[in-house]
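Peer 1: From the sequence below, what's the structure:
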Amino acid sequence: MANWDKILTDADRAVMARGKWAQRAGVGKRPALILIDCQYYMCGIRGAPDNAEKYPLACGEVAFAATDQMKRLLDAARAAGIPVIYTRFVVDPVNDDVGMFHRKIGAGVGRGGNLYFGGTHGAEIVDDLRPLPTEIVLDKKKKSAFFGTPLISLLIDRQVDTCIIVGGSTSNCVRATVVDSEQYNFFTVIPEEAVYDRLPLSHQLNLFDMNRSYGDVMPVNEVLAYLHNLNGRAATD
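Peer 2: Predicted coordinates for the structure are as follows:
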């Protein structure tokens, strides 16, 4: 059963069947792993009793579970020799340069807690997923990893045809990146257990929507099998 099946009605299923939505698009030959905002402000500290207080935007236990799955995919991607690209959501701590998002969530320069301001612990990538010196980290100000960054140029340069997108949150930065990936005509894969959200409803609905129109939501083990089968060819073909 897919994560979202429990929230669909019979009428919803009929619409899906009539329109032939959610076809499996498949994968290409040259994937890249894109890790979205795997930062402490999104996760907090594993096992810490005061995460909710110190990290007000953290997703908590679901983030830690997804991080464990991301680590499996990261190890496989490195073994396969495919590009690994990280994003960080980082805001100027003096001159608030993020815009409308802060109006929506009541954040901004001066708000307490470990958020995503440059130079703070909240903005750092979690140790479990620490980038290697040979891996690219892109800072962004908006939700999509493609918006205002050189990501598309980097993927073209590396002849990537498939974007494997993990991280958080499902309904915000993951979804925006998935939509742009599809709009650039990349095969787009969302490993289901390696994305997460603060709200279960948002997580389920957005997985459903992404699988319906923008990419293939796949079990992590299926994505791992795909990466293992590359046998290093992605780096040399």
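Peer 1: which regions of this protein sit below the pLDDT cut-off?
Peer 2: Low-confidence regions of the chain, defined here as pLDDT under 70, cover residues 1, 108-113, 231-237.
Peer 1: Helices of that one, start to end?
Peer 2: Taking DSSP state H to define them, one finds helices in the chain at 10-19, 40-43, 51-54, 61-80, 100-105, 151-157, 175-183, 200-213, 220-230.
Peer 1: Packed most tightly, which of those would that be?
Peer 2: Comparing the helices of the chain by mean neighbour count (mean count of other Cβ atoms under 10 Å), helix 40-43 ranks first with a mean of 26. (Each C-beta comes from the backbone N, C-alpha and C, glycine too.)
Peer 1: elements contacting that helix?
Peer 2: Secondary structure elements in contact with helix 40-43, counted by 3 or more Cβ pairs under 8 Å, 6 or more residues apart in numbering; DSSP states H and E, are helix 61-80.
Peer 1: hmm, try it at 10 Å
Peer 2: Packed against helix 40-43, as judged by 3 or more Cβ pairs under 10 Å, 6 or more residues apart in numbering; DSSP states H and E, are the following elements: helix 51-54, helix 61-80, strand 84-89, strand 162-168.
Peer 1: Please export the C-alpha coordinates of it as PDB.
Peer 2: Extracted as PDB, the C-alpha positions of helix 40-43 are listed here (Å, rounded to 0.1, in the frame of the first residue of the first chain):
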ATOM      1  CA  TYR A  40      20.000  20.800  11.700                       C
ATOM      2  CA  TYR A  41      17.200  23.300  11.600                       C
ATOM      3  CA  MET A  42      15.200  20.700   9.700                       C
ATOM      4  CA  CYS A  43      16.100  17.800  12.000                       C
END
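Peer 1: switch to numbering from 23
Peer 2: All right, first residue 23 from here; so that's helix 62-65.
Peer 1: How far does that helix sit from its chain's centre?
Peer 2: In terms of Cα atoms, centre = their mean, to the nearest Å, the gap separating the centre of helix 62-65 from the centre of its chain is 13 Å.
Peer 1: repeat for stretch 45-52
Peer 2: Stretch 45-52 has its C-alpha centroid displaced from the chain centroid by 18 Å (Cα atoms, centre = their mean).
Peer 1: returning to what we had before: dump the helices and strands packed on helix 62-65 to a markdown table, plus distance to residue 53.
Peer 2: Formatted as a markdown table, the helices and strands packed on helix 62-65 follow (distance: least, Cβ to Cβ, whole Å):
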| stretch | distance to residue 53 |
| --- | --- |
| helix 73-76 | 33 |
| helix 83-102 | 8 |
| strand 106-111 | 10 |
| strand 184-190 | 4 |
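Peer 1: Those: which one's closest to residue 163?
Peer 2: Comparison of these against residue 163 by Cβ to Cβ identifies strand 106-111 as nearest, at 7.6 Å.
Peer 1: okay, the angle between the closest one and helix 197-205?
Peer 2: Using axes from the mean of the first three to the mean of the last three Cα atoms, to 10 degrees, the direction of strand 106-111 lies 130 degrees away from that of helix 197-205.
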